[in-house]
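Student: generate coordinates for the sequence data below:
(2 chains)
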Amino acid sequence: MSFRVPRRTIAAFLGPAVAALAIVGIAPLVYAVWKSLHYFNLTKLAQQRFVGLENYGAVLTDPVFWQAMGRTALLFLIAVPIQIALGLLIALVLHRPGLTFWKTLTRLSLVLPMATTYAVVGLLAQVMLNQKYGVINQMLGWIGVDAINFIGDPTNAFIAVVMWDIWQWTPFVALVLLAGLSTVPPEIEEAATLETRSNWTVLRHVQLPFLIPSLVAVLILRTADTLKLFDMPFTMTRGGPGSATEFIAVLIERVGNRQFDIGMAAAQSVIMLAITIVLARLYIRLFYREVR
Amino acid sequence: MAAPTNRRHAWGEGVLLLLIGLFCVFPFYWMVTTSLKTQVVALESPPVWWFTPTLANYREVLFVDKVGPALINSLIVAVSTTALAVGLGTPAAYALARFEFRGKRDLWFWFITNRFVSPVVLAFPVFLIARETGLRDTHIALILMYLTFTLPIVIWICTDQFRSIPHELDEAAMLEGASQWRIFRSICLPLAMPGVAVSSILSFIFSWNELLFAYILAPKAAKTAPAMAVTFMEGYDVPYGKIMATSTLIVVPVLIFALLASKHLVRGLTMGAVK
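Tutor: Presented below is the predicted three-dimensional model:
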């Protein structure tokens, strides 16, 4: 039940927050759209002029932009299924009864990676993956694998970003799925485990329907966060070598901040935002209809 | 008959838990130990696991390399934006939880969608605006921009919290003639303190971790610690020990807060996508 209160009261309570968020969240967005219609380069301010949709045309036909998009999609397509598989495994282990103390401890350790400053995650990667001084290559050496040049080789650098993304976000996926598992009514789960000895059957027919909202959430959030991904690859490789780890947000930062072409960067970010919105809506439509 | 299988099961499960724990914690172990190495030890190949630890890196980054002031900048920005978000966000959350009005769902949805907007979209227009208004390289610019994620977090978590407070209390107060503001301040807000605390911790963590806005908007005087850590990588001779000492200084407060709010961190990161 809610109260009916005078409009003035509502405005007084909501006004400040709405105004603040409009100023910091919407005004810059509008300004970005405006700038995206201009040729605007910080080093050539004299040539600033209105160009209409020219920047958008340039971005949409720019192979570099689509390569960065493709790279971002590839990262998502490789990392997220692994995160979901590992996360589900971890969630199922933690969901089982018994070993309560150790499970609490494990759950606490799972919280650490996702809270870690993303920039530091990239720095850690630099240190741990170094070909000569890195501990990961040392460990690979123990099982007889030659030292790998993770940061310097294009393919390996991409793999390194995937690995680090998996490290940071698998625990997150695991905890979201664990929360989903706890929504399964215990009596249904117990009845099912009495019926069948197969964990797989229980997962597929009893637990999975309850996990769908969590899985949709994971997909939406991982999509948004992969499109946002900047700190970790930036501190780790600066998008390199070449453009091997230049994901979409890193590309936009380079165009705007290192090439000073703010009009172009604005057009790129508006297109990226449109893609984010379309994807989020698509997910909700595809998955939530089945649940209803 | 079932006992041996169970015990074996428990062993298997224990080993699995240990592996999961190691997977999560090992990078932090390596970060801290590297921060205690001299450059000579850090550059040994293969890397050494046992060595004489030294605090020299910490002394150097804190007092020579200006990581100290950067940490203070981070602290000022994170605390101010959190305080501002709580000040603006709690009344809004109260209104969303308690009042009935048109467009409530849309407003709610708008608050939440801020979670999906990439900072890189806002960074350049804000950079231009800040340049014109003289706000570039000030704490204020960062404090305001961090509202784009701290305010939605506070609103979202506190709305949930206000909804869970029984209506009988405010109804009784209304009969006594108390104004809505009075009810909010004296009855509901004190009862909503757990939600306020959780959302403050989360917004502190997210502000403290932020890099992109900081990197673009605050290059010198207001430089925050993550942006500072990035600049270390820019030379040829990469000072591993110093980088890891800086990283440790950045990460430790966040990890403490994350453990304090461990139950709610996932809730904060999902922002309404999961109940």
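Student: work out for me the element the most centrally placed residue in chain B sits within.
Tutor: Geometric centre of chain B, nearest residue: residue B:205, 1.4 Å, by C-alpha atoms, centre = their mean. Using DSSP states H and E, residue B:205 sits within helix B:193-209.
Student: what pLDDT does the closest residue in space to residue B:149 that isn't next to it in sequence get?
Tutor: Counting by C-beta to C-beta, 6 or more residues apart in numbering or on different chains, the nearest residue to residue B:149 once its immediate chain neighbours are dropped is residue B:206, at 5.5 Å. In short, each C-beta sits where N, CA and C put it, glycine included. In this model, residue B:206 is scored at 92, pLDDT.
Student: which residues touch residue B:206?
Tutor: Under the criterion of C-beta atoms under 8 Å, 6 or more residues apart in numbering or on different chains, the neighbours of residue B:206 are B:146, B:149, B:150, B:153, B:268.
Student: which residues in the stretch 51-200 of chain A form helices?
Tutor: Taking DSSP state H, counting those that start in this stretch as the test, the helices found in the stretch 51-200 of chain A are A:54-60, A:63-95, A:100-115, A:118-129, A:135-142, A:154-181, A:186-195, A:199-201.
Student: any idea which of those is most buried?
Tutor: helix A:118-129 (a mean of 25; mean count of other C-beta atoms under 10 Å in any protein chain shown).
Student: by contact count, what packs against that one?
Tutor: Of the remaining helices and strands, those touching helix A:118-129 by 3 or more C-beta pairs under 8 Å, 6 or more residues apart in numbering or on different chains; DSSP states H and E are helix A:135-142, helix A:154-181, helix A:231-237, helix B:2-35, helix B:225-231, helix B:240-260.
Student: extract the CA atoms of that helix and return them as CSV.
Tutor: What follows is helix A:118-129, C-alpha atoms only, in CSV (Å, rounded to 0.1, in the frame of the first residue of the first chain):
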residue,chain,number,x,y,z
TYR,A,118,39.7,-3.3,-12.2
ALA,A,119,42.8,-1.3,-13.0
VAL,A,120,44.8,-3.3,-10.4
VAL,A,121,43.6,-6.5,-12.0
GLY,A,122,45.2,-5.4,-15.2
LEU,A,123,48.5,-4.5,-13.4
LEU,A,124,48.5,-7.8,-11.6
ALA,A,125,48.1,-9.5,-15.0
GLN,A,126,51.2,-7.7,-16.3
VAL,A,127,53.2,-8.8,-13.3
MET,A,128,52.0,-12.4,-13.2
LEU,A,129,52.0,-13.1,-16.9
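Student: now tell me what touches that helix from outside.
Tutor: A:113, A:133-137, A:150-151, A:160, A:164, A:167-168, A:230-236, B:27, B:30-31, B:34, B:209, B:211, B:226-227, B:229-230, B:233, B:238, B:240, B:243-244, B:247, B:250-251.
Student: in ChimeraX, select just the buried ones from these.
Tutor: Entered in ChimeraX, the line below selects the buried ones among the contacts of helix A:118-129, by 16 or more other C-beta atoms under 10 Å in any protein chain shown:
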select /A:113,133,134,135,136,137,150,151,160,164,167,168,230,231,232,233,234,235,236 /B:27,30,31,34,209,211,226,227,229,230,233,238,240,243,244,247,250,251
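Student: as JSON lines, the helices of the stretch 51-200 of chain A with mean pLDDT would be great.
Tutor: As requested, the helices of the stretch 51-200 of chain A are arranged in JSON lines below (pLDDT from 0 to 100):
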{"stretch": "helix A:54-60", "mean pLDDT": "90"}
{"stretch": "helix A:63-95", "mean pLDDT": "94"}
{"stretch": "helix A:100-115", "mean pLDDT": "90"}
{"stretch": "helix A:118-129", "mean pLDDT": "90"}
{"stretch": "helix A:135-142", "mean pLDDT": "90"}
{"stretch": "helix A:154-181", "mean pLDDT": "93"}
{"stretch": "helix A:186-195", "mean pLDDT": "82"}
{"stretch": "helix A:199-201", "mean pLDDT": "80"}
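Student: residue B:62 and chain A, how far apart?
Tutor: 17 Å (C-beta to the nearest C-beta, to the nearest Å).
Student: look at the spatially closest residue to that residue that is not a sequence neighbour and say how many residues are nearby.
Tutor: Closest residue to residue B:62 apart from its sequence neighbours, by C-beta to C-beta, 6+ apart: residue B:68 at 4.5 Å. Using other C-beta atoms under 10 Å in any protein chain shown, residue B:68 is surrounded by 15 other residues.
Student: what pLDDT is listed against residue B:68?
Tutor: Note for residue B:68: predicted pLDDT of 90.
Student: also residue A:285?
Tutor: For residue A:285, the model assigns a pLDDT of 73.
Student: relative to helix A:63-95, how tilted is the helix or strand hosting it?
Tutor: With elements taken from DSSP H and E, the one containing residue A:285 is helix A:262-291. Per axes from the mean of the first three to the mean of the last three C-alpha atoms, to 10 degrees, the angle that helix A:262-291 makes with helix A:63-95 is 40 degrees.
Student: ramachandran angles for residue A:62?
Tutor: Dihedral pair for residue A:62: phi -90, psi 110, per degrees, to the nearest 10.
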